[in-house]
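Colleague: Quick one: sequence plus predicted model below, questions after.
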Amino acid sequence: MQPRHFLDIDALPRQTLRAILDDAHAMKALGRSHLPDKVNVRQGAVLAMIFEQPSTRTRVSFEVAMHELGGTSIMLSPADMQIGRGETIADTARVLSRYVDAIVLRTGTHGKLLELAAHATVPVINGLTNLSHPCQVMADVMTFEEKKGSIEGATVAWLGDANNVAASWVHGAARFGYALKLGCPEKFKPVPELLSWAKAEGASVKVGHDPHAAARNADCVVTDVWVSMGDGEDKKKRKSLLKPFQVDRAVMAAAKPDAIFMHCLPAHRGDEVTAEVIDGPQSVVWDEAENRLQVQKAILAWCLDASRASPSSAGSSGSVARGAAKGRPERVGAK
Ligand code: CP
Ligand code: NVA
């Protein structure tokens, strides 16, 4: 039987994503008590977490999620593994599959995630790659639903770099039915393949270069760092191009009066967002961070529970944001 990988939002059908979010809301309502009785995860199940890049939220929320589900986790740094000395991802996948029940990978090379998934016989979960961050956007959609009700038909504005998190927001527009308006500099807009995919899926995704136009009448304004992990070069140039897309009071004023502000964190106050916005009354960033834990539990429960709805037609392997495997650019934002 094929393992249930959670690789990308576009790789899963909307019913599966909906079921995971419904579970996340239910798990939050249930709190920490008696969770293992309610979900069908083998007690003592083990999650391996390979992080090639730093993490606070993803790492801790997966670890706590596994604990609350009645399992345990092992944090692995590639520098301490034989991967660091050239053992292949494929062999690592084969071996880890003999020990653990699921694997989370954070990597700057999306192709590694796909290779791991291709050779693992246990579920593989995308803990962020250079191309996407699906767990984050699941938590973001959950947070929107908590604050404002159904996200279907709502308008989300993304300002700044069309990075990995933005790509998952594009995927989500197709699967959850919200309109996405991206305000980005020309140099950092989404790659054409991603926009063509959104169009073919019937998603409402628009790209413009005016931050206030992007934010106009939005129910939610989202941004992220201007320099992502792996974007080491030419930070000054990036920042100067992205400066006009800072989320400040004027941008929030263009959105609906009751619009919420989201940021996956870590944030750089004074760059992509002003302190008065991220620390202000419209910001929901702490609930957003908290919901990573709820969504992680629901994703793990789905991956580890064979009795739940199965992935289907959207295909467990199909992802538009996959640069490396399909010879596309490795980065979502155009360079
Ligand atoms: N938002 C997010 O993924 O945070 P970390 O990098 O701390 O995991
Ligand atoms: N776009 C950011 C997200 C961090 C959670 C990065 O990739 O560094």
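Modeller: The structure has been received and is ready for your questions. Numbering: from 1, shown residues only. Ligands and ions are numbered 1, 2, ... in the order given.

Colleague: Give the closest residue to residue 293 in space, chain neighbours not counted.
Modeller: Nearest residue to residue 293, sequence neighbours excluded (C-beta to C-beta, 6 or more residues apart in numbering): residue 61, at 4.3 Å. C-beta coordinates here come from the backbone N, C-alpha and C atoms, glycine included.

Colleague: Wait, that neighbour touches residue 299, no?
Modeller: No. Counting by C-beta atoms under 8 Å, residue 61 sits too far from residue 299 to count as a contact (10.3 Å).

Colleague: which of the two has more neighbours?
Modeller: Using other C-beta atoms under 10 Å, the more surrounded residue of residue 61 and residue 299 is residue 299, with 28 against 23.

Colleague: ok, the more buried one - contacts?
Modeller: Applying C-beta atoms under 8 Å, 6 or more residues apart in numbering to residue 299 gives the contacts 6, 20, 125, 135, 138.

Colleague: One more: residue 89?
Modeller: Residue 89 is in contact with 83, 112, 115-116, 119, counting by C-beta under 8 Å, 6+ apart.

Colleague: What of residue 127?
Modeller: Going by C-beta under 8 Å, 6+ apart, residue 127 touches 49, 51, 55, 58-59, 62, 104-106, 135.

Colleague: now, the most widely separated pair of the residues you listed?
Modeller: 51 and 135 (13.2 Å; C-beta to C-beta).

Colleague: Overlap of the contact sets of the two?
Modeller: 58, 127.

Colleague: Neighbour count: these two, which is higher?
Modeller: Taking other C-beta under 10 Å, residue 51 and residue 135 do not tie; residue 135 has more neighbours (25 against 19).

Colleague: roughly how far apart are residue 166 and ligand 1?
Modeller: With distances taken as C-beta to the nearest ligand atom, to the nearest Å, residue 166 is found 13 Å from ligand 1.

Colleague: Where does the residue nearest to that residue when sequence neighbours are not counted sit: helix, strand or coil?
Modeller: Distances taken as C-beta to C-beta, 6+ apart place residue 158 nearest to residue 166, at 5.2 Å, with adjacent residues excluded. Here residue 158 is strand, with the state taken from DSSP: H, G, I helix; E, B strand; the rest coil.

Colleague: ok, now which ones touch residue 158?
Modeller: 166, 169, 180-184, 214, 222-223.

Colleague: For it, name its beta-bridge partners.
Modeller: Under DSSP bridges, the beta-bridge partners of residue 158 are residue 182, residue 222.

Colleague: I'd assumed the residue nearest to residue 293 was in a helix, is it?
Modeller: Yes. Assessed with three-state DSSP, residue 61 lies in a helix.

Colleague: Would you mind measuring from it to residue 203?
Modeller: Distance of residue 61 to residue 203, given as C-beta to C-beta, to the nearest Å: 27 Å.

Colleague: Buried residues, the helix or strand bottoming out on mean pLDDT in the chain. List them.
Modeller: Ranking every helix and strand in the chain by mean pLDDT, DSSP states H and E puts helix 35-38 at the bottom, with a mean of 72. If you call a residue buried by 16 or more other C-beta atoms under 10 Å, then helix 35-38 has these buried ones: residue 35.

Colleague: Residues of the chain that sit close to ligand 2?
Modeller: By C-beta under 6 Å from any ligand atom, the residues of the chain that approach ligand 2 are 128, 163-165, 224-225, 228-229, 264.
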